[in-house]
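1. Quick one, what's the 3D model for this:
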Amino acid sequence: MENDFQTLQALLKEDPSNFQARRELSILLVNNGFNEEAEGNLEYLCKYFPEDAELHYNLGIVYEKLKKFDKAKDAYEKALSISPQEDFYYNLGEVLVDLKQWDDAERCFKEVLKTDPNDSNCYFNLGLCDYNRGEKNKALDNFQKAVSINPKDVYAYFYLGYIYQNDGLTNFAIESYKKVLEVSPDYSWAYFNLGSIAFKNGNDEEAKEYLRKTIQYNPADMEAYKLLVKICIKNNEAEEVLELLLSALEKEENGDLFYCLARVYKFIGDLDEYYNALKSALQNPYTLTFPQDIVKRELEFAGEKIGKHEEIKPERTVEEYEETEENESEENELEDDSEYNEDEEEEYDEDEEYEEHDDSDESYESDEDEYDYEDDEYDSDEEYEEDNDSEADYDEG
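-> The predicted model follows:
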């Protein structure tokens, strides 16, 4: 590969107008992840060959990889205006999904199905469009078509499970999530939702097993820790979850984990460690999704009990935190939008929405699920909905 790069670059140095060499170099750059360099070369070529559909198509792929979805849409539409091809329609459809233009995306995937009626990816994407328009029955139909053609379609199985779960069809949901795990045994969200179902059904030991699997495959899953803490406290098994929390915090400090730790220490009656954990939670505010004003009041209460009082300052500035996040955000992102309401006894009602990562491995919009915190414990009705950037794992076109 290095020799190919050097040969093409040498040809272009001798003759910058060698368009064939520039075209080959552009494709080589795209295939090896040098998207910014490929972007410049392809834009240059498209100016000289405005009627070359493949150039516009390849430029669209580069824009898509660079998350420039509006530009990618324009490039794919230009390619289609020159030569309407199946791959062009499919890639345009995926970009329109990223732009949440569901109706236009649907038209693109239906164009592909005219020539390839067994394209399972198209049925998955049609299901995604239906789901986001609130047409659950149509979505179920398309996701089922997807798995009938491709029994290894993890994402279609996951969506089937999620829809069934929200509709109260628990057995169908469990079956779908287990299909996910047959194909992808490290799919953490399926474990979490199975754990959530088990918990709701009163099967605490089964729920704990699934939640531990969730954390094993996604140590950043704070909701799994929260639910596991609730279950262990409920069953007087604080030591079990205490060890897990301390181990996780040795690897990386996190405000939510410190707060979970505080709840465990409060339950076992260790007020000093309860105070210290609350203090650490407030020192990590950028990873603390619990309401900080209430955590501060808990800290004041604990401080009065043990005779301590001090001002808490974050251990990192916003700039330091954002810089760290930027360096680490390229894998396993979950976006949480949480709203909290305080009740009279400083307990919590929490409405949370989930979306997956992305990283680009991923925009699914979830329904709201309620938490009630009573007597310092959790009632969890939550489940995960996968973020639709994960459809980017499908081959393009």
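
2. Contacts only, for Phe143.
-> Neighbour list for Phe143: Tyr123, Phe124, Gly127, Ala156, Tyr157, Tyr159, Leu160, Ile163 [criterion: C-beta atoms under 8 Å, 6 or more residues apart in numbering]. C-betas here are computed from N, CA, C, even on glycine.

3. for those residues, which one is nearest Glu37?
-> Phe124 (32.1 Å; C-beta to C-beta).

4. residue ranges of the strands in the stretch 1-150 of the chain, please?
-> Per DSSP state E, counting those that start in this stretch, the stretch 1-150 of the chain has no strands. Nothing in it meets that criterion.

5. so where's it uncertain?
-> Applying pLDDT under 70 to the stretch 1-150 of the chain flags the ranges 1-19, 21-22.

6. ok so Thr289 is a helix residue?
-> No - secondary structure assignment (DSSP: H, G, I helix; E, B strand; the rest coil) places Thr289 in coil, not in a helix.

7. so how far is stretch 84-93 off the chain centroid?
-> Relative to its chain's centre, stretch 84-93 lies at 26 Å (C-alpha atoms, centre = their mean, to the nearest Å).

8. Can you give me the neighbour number for Leu96?
-> 24 (other C-beta atoms under 10 Å).

9. That one contacts Lys73, correct?
-> Yes - with contact defined as C-beta atoms under 8 Å, Leu96 and Lys73 form a contacting pair (6.8 Å).

10. In the stretch 151-300 of the chain, mark out all the helices, start to finish.
-> 154-166, 170-183, 188-200, 204-217, 222-234, 238-251, 255-268, 271-283, 292-306 (DSSP state H, counting those that start in this stretch).

11. Could you check the ones you listed and tell me which one is nearest Lys65?
-> Checked against C-beta to C-beta, the stretch from the helices of the stretch 151-300 of the chain lying closest is helix 154-166, at 19.6 Å.

12. Tell me the buried residues in that closest one?
-> Buried residues in helix 154-166, counted by 16 or more other C-beta atoms under 10 Å: Val154, Tyr155, Ala156, Tyr157, Phe158, Tyr159, Leu160, Gly161, Tyr162, Ile163, Tyr164, Gln165.

13. Any chance of those in JSON lines with distance to Leu140 as columns?
-> Below are the buried residues of helix 154-166 laid out as JSON lines (distance: C-beta to C-beta, whole Å):
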{"residue": "Val154", "distance to Leu140": "17"}
{"residue": "Tyr155", "distance to Leu140": "14"}
{"residue": "Ala156", "distance to Leu140": "10"}
{"residue": "Tyr157", "distance to Leu140": "12"}
{"residue": "Phe158", "distance to Leu140": "13"}
{"residue": "Tyr159", "distance to Leu140": "9"}
{"residue": "Leu160", "distance to Leu140": "7"}
{"residue": "Gly161", "distance to Leu140": "11"}
{"residue": "Tyr162", "distance to Leu140": "11"}
{"residue": "Ile163", "distance to Leu140": "6"}
{"residue": "Tyr164", "distance to Leu140": "8"}
{"residue": "Gln165", "distance to Leu140": "12"}
